[in-house]
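Engineer: fold the following.
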Amino acid sequence: MGGSKGGKIVLPDEVIMSKIYLIREQKVMIDRDLAELYGVETKRLKESVRRNIARFPEDFMFEMTNDEFLNWRTQYATSSADKMGLRYVPFCFTEQGVTMLSCILNSERAIQLNIQIIRIFTKIREMLTDKLSIKLEIEEIKRKLINHDKNIELVFSYLDELIEKQENPPPRKRIGYRRKEEE
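Structural biologist: Residues are numbered from 1 along each chain as shown. Next comes the predicted model:
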């Protein structure tokens, strides 16, 4: 799966990012993928979680419903090899759940990978925050443009009035001295 560099496990961020899914409006990783990353069997990972279930409240880990599982399989698990590894409804771990896993899977590999996974979750959160701030800035620009459009329309309206007055000036009163003959 990943190489080792100076005793540390090195995995490209993209490998881990490809294993983060959006389920129930949350970014999660499933048990099978985490077991593969940690180098343990999915069955053993699930056993460890069940033995320590008090460490995993619903906002740390949840089990997909059958409907969610079928929907998820049709969306993400495209190859038959992927489907073979998913015979049972998986556990889904949020960022906090992944952190808790490192406490119960107390191996050096789990600790190193969890540090990398948490950094990736943080990057994703920062990207989403950046995306939101960009959306807000675009909305502000749109609002300003709408006001500018109104102001430009007003300027053109005034220009039209000025042009019309210039083309059809009202009769002007003559000013100056009057001669006796004009009276």
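
Engineer: tell me the secondary structure at residue 103.
Structural biologist: When classified by DSSP: H, G, I helix; E, B strand; the rest coil, residue 103 comes out as helix.

Engineer: offset the numbering so it begins at 34, please.
Structural biologist: In the new count, where the first residue is 34, that last one comes out as residue 136.

Engineer: measure it to residue 89 for me?
Structural biologist: To residue 89, residue 136 is 10 Å away according to Cβ to Cβ, to the nearest Å. (C-beta placed from N, C-alpha, C; glycine too.)

Engineer: neighbours of residue 144, how many?
Structural biologist: 14 (other Cβ atoms under 10 Å).

Engineer: likewise the one 4 residues further on?
Structural biologist: Neighbourhood size, residue 148 [other Cβ under 10 Å]: 14.

Engineer: how about residue 122?
Structural biologist: Neighbour count for residue 122, taken as other Cβ under 10 Å: 16.

Engineer: next up, the contacts around residue 59.
Structural biologist: With contact taken as Cβ atoms under 8 Å, 6 or more residues apart in numbering, residue 59 is in contact with 125, 127.

Engineer: change it to 7 Å
Structural biologist: Residues counted as contacts of residue 59 (Cβ atoms under 7 Å, 6 or more residues apart in numbering) are residue 127.

Engineer: which per-residue confidence value corresponds to it?
Structural biologist: We have a pLDDT of 87 for residue 59.

Engineer: and it, how far from residue 123?
Structural biologist: Distance from residue 59 to residue 123, by Cβ to Cβ: 14 Å.

Engineer: residue 136 and residue 89: which is more packed in?
Structural biologist: Counted by other Cβ under 10 Å, residue 136 and residue 89 do not tie: residue 89 has more neighbours, with 20 against 12.

Engineer: in the helix or strand hosting residue 62, what's buried?
Structural biologist: Counting by DSSP states H and E, the element that carries residue 62 is strand 59-63. Within strand 59-63, the residues that count as buried by 16 or more other Cβ atoms under 10 Å are 60-63.

Engineer: for it, what is the distance to the chain centroid?
Structural biologist: A distance of 13 Å separates the centroid of the chain from that of strand 59-63, by Cα atoms, centre = their mean, to the nearest Å.

Engineer: for it, which strands pair with it and how are they oriented?
Structural biologist: strand 54-56 (antiparallel), strand 124-126 (antiparallel) (DSSP bridges).
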